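Student: Fold the following for me, if possible:
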Amino acid sequence: MLEKKIRLEYAHRILFTRDVFAAANTTICDLLLLDHPNKVPRVLVFVDDHVASANPQLLDNIRSYARAHAEVLDLAGEPVILPGGEPCKNDFSLVQQCWQAINDAGLDRHSYVFVIGGGATLDLVCFAAATAHRGIRHVRFPTTTLSQGDGGVGVKNGVNYFEKKNWVGSFAVPFAVVNDFAFLESLPERERRNGIIEAIKVSLIRDRAFFEEIEQMAPALARLEQPALERVVQRSAELHVEHIATGGDPFELGSARPLDFGHWAAHKLEQITHFAVTHGEAVAIGMAVDLLYSVKKGILDAPTAQRVMRLVEQIGFEIYHPSLLAEGRTGEPTILEGLEEFREHLGGELTVTLVPKVGQKLEVHEMDRELILEAVEELRVHAEANHLAPAGR
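Tutor: Numbering: from 1, shown residues only. Now for the predicted structure:
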């Protein structure tokens, strides 16, 4: 057997700015010049239709920026508008549409794909870019609190297939991620709130001081005040990128997914509600399930679990949805099917991240199904006692 080691080094760049397409903002120019191009690179821009609608001047600003900086980038055609939101990942013809646009624009491996949008649009377009010509460099411009603080700063992409989340996809480190905080100001309240839950999640598994800071900012976060949102989004992004770059498994060859705390139930809840429950709302509920499960399993003390759930509710999230107890194909609650699907997604061995203390994580390879259902039932009783409306209704 002939065996040679292949070692690659990637630069994972995250930039924070405002009004990135203002002519005076040099963030994009400085970024493209890092590559020391021999010729002006061609750039094709894809835009989430929700973002385009919420920012009517965006397309004109992109064109104006390209004209003002023609010595650095060559716009390879009109911006391509794509439907945004999770349903776009269920339509594989949109991947083909992206490939067609890349081909029609004559992009090569020295060109760039820019994608501006929420997490679903980033997943879709970055998958197309990563597979066209075996990989075209792409720059992500996340526009939601969720994508700026979590999914958009990662190295994964993909679309849904066989009614399974992210079944088709790849790992591709973006040339850069540009977080433009101005985009957050145009979001509806629900979308502004969503990303806060991922900040809470990553603080629970990595940074106790950040969790305590979020507690202090809870009133401002509940009011969705912009400075507080920007702070938690930026720190969340920093912690996510730190894990990806230093955690030892950026392409997830192992079975551990510490950043997926609360996600095994969340992914299934999104699916069975046909995404009426948003990802952020589902993660809030999935975290509550795992927190109470951990108490019942003797992993976490009850006061800490209650402290976290109070914070989640104070910021405006619900921690129960009746679909958690809906009957599945086998006659047991559908949510339990999420465990098997999560195991398959991980690559064979079930590995669920739990929190024994704030700022620490614990990986377990078995979950007691009866205790899961007890935790869900406790959440149901809590919701009824507090007259909470189900999430997504």
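
Student: Looking at the chain, which helix is longest?
Tutor: Ranked by residue count and defined by DSSP state H, the top helix of the chain is helix 226-246.

Student: Please tell me how far it is from the chain's geometric centre.
Tutor: 12 Å (Cα atoms, centre = their mean, to the nearest Å).

Student: Equivalent analysis for stretch 277-286, please.
Tutor: The answer for stretch 277-286 is 12 Å, by Cα atoms, centre = their mean.

Student: Just the CA atoms of it, as CSV, please.
Tutor: What follows is stretch 277-286 as a C-alpha-only set of coordinates in CSV (Å, rounded to 0.1, in the frame of the first residue of the first chain):
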residue,chain,number,x,y,z
VAL,A,277,-41.4,26.5,13.8
THR,A,278,-38.3,28.3,12.9
HIS,A,279,-34.8,26.9,13.5
GLY,A,280,-34.2,29.3,16.4
GLU,A,281,-37.5,28.5,18.0
ALA,A,282,-36.9,24.8,17.5
VAL,A,283,-33.4,25.0,19.1
ALA,A,284,-34.9,26.8,22.1
ILE,A,285,-37.3,23.9,22.6
GLY,A,286,-34.7,21.2,21.9
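
Student: got the buried residues for the longest helix of the chain?
Tutor: Neighbour-count burial for helix 226-246 flags 228-241, 243-244 (criterion: 16 or more other Cβ atoms under 10 Å). Yep, even glycine has a C-beta here, placed from its N, CA and C like the rest.

Student: hmm, who's touching stretch 2-11?
Tutor: If you take Cβ atoms under 8 Å, 6 or more residues apart in numbering as the criterion, stretch 2-11 is touched by V173, P250.

Student: What is the end-to-end distance of it?
Tutor: Stretch 2-11 has an end-to-end distance of 30 Å (Cα to Cα, to the nearest Å).

Student: Remind me what the longest helix of the chain packs against, helices and strands.
Tutor: In terms of contacts (3 or more Cβ pairs under 8 Å, 6 or more residues apart in numbering; DSSP states H and E), helix 226-246 is packed against strand 14-17, helix 145-149, strand 176-180, helix 189-206, helix 208-222.

Student: quick one, it and strand 176-180 angle?
Tutor: When axes from the mean of the first three to the mean of the last three Cα atoms, to 10 degrees is applied, the directions of helix 226-246 and strand 176-180 differ by 170 degrees.

Student: Does E341 fall in a helix, a strand, or a coil region?
Tutor: Under the three-state scheme (DSSP: H, G, I helix; E, B strand; the rest coil), E341 adopts helix.

Student: Wait, it touches K268, no?
Tutor: Yes. Look at E341 against K268 with Cβ atoms under 8 Å: they come within range, at 6.6 Å.

Student: who's in contact with L184?
Tutor: L184 touches T143, T144, T145, Q148, R192, Q226, L229, E230, V233, counting by Cβ under 8 Å, 6+ apart.

Student: gap between it and I81?
Tutor: Applying Cβ to Cβ, to the nearest Å, the value for L184 to I81 is 21 Å.

Student: so where's the stretch 151-300 of the chain shaky on pLDDT?
Tutor: Within the stretch 151-300 of the chain, the ranges that satisfy pLDDT under 70 run 248, 253-258.

Student: again, 90 this time
Tutor: 151, 154, 161-167, 240, 243-260, 267-268, 270-272, 274-275 (pLDDT under 90).

Student: show me the contacts for the residue nearest the centre of the chain.
Tutor: Among the residues of the chain, the one closest to the centroid is G151, at 2.3 Å (Cα atoms, centre = their mean). For G151, the contact set (Cβ under 8 Å, 6+ apart) comprises G119, L122, D123, P142.

Student: hang on, the third one is in a helix, isn't it?
Tutor: Going back to what we said before, that points to D123. Yes. D123 forms part of a helix when assessed by three-state DSSP.

Student: need the contact list for the closest residue to it other than its chain neighbours.
Tutor: Residue nearest to D123 in three dimensions, not counting chain neighbours: N157, with 5.1 Å by Cβ to Cβ, 6 or more residues apart in numbering. Taking Cβ under 8 Å, 6+ apart, we find N157 in contact with L122, D123, L124, C126, F127, A130, G169, S170, F171, A172.

Student: Dig out what N157 forms beta bridges with.
Tutor: With beta bridges defined as DSSP bridges, N157 has these partners: S170.

Student: For it, give its distance to F127.
Tutor: Distance, N157 to F127, using Cβ to Cβ: 4 Å.

Student: can you list residues touching both of those two?
Tutor: Shared contacts of N157 and F127, defined by Cβ under 8 Å, 6+ apart, comprise G169, S170.

Student: Look at the residue nearest to I319 when sequence neighbours are not counted and say how many residues are nearby.
Tutor: Leaving aside its chain neighbours, I319 sits nearest to A288 (3.8 Å; criterion: Cβ to Cβ, 6+ apart). A count of neighbours around A288, defined by other Cβ atoms under 10 Å, yields 28.

Student: helix or strand right after whichever strand or helix holds A288?
Tutor: Following DSSP states H and E, one finds A288 within helix 279-297. Next along the chain after helix 279-297, taking DSSP H and E as the criterion, comes helix 302-315.

Student: Now find how far off-centre that following helix is within its chain.
Tutor: The chain centre lies 23 Å from the centre of helix 302-315; the measure is Cα atoms, centre = their mean.
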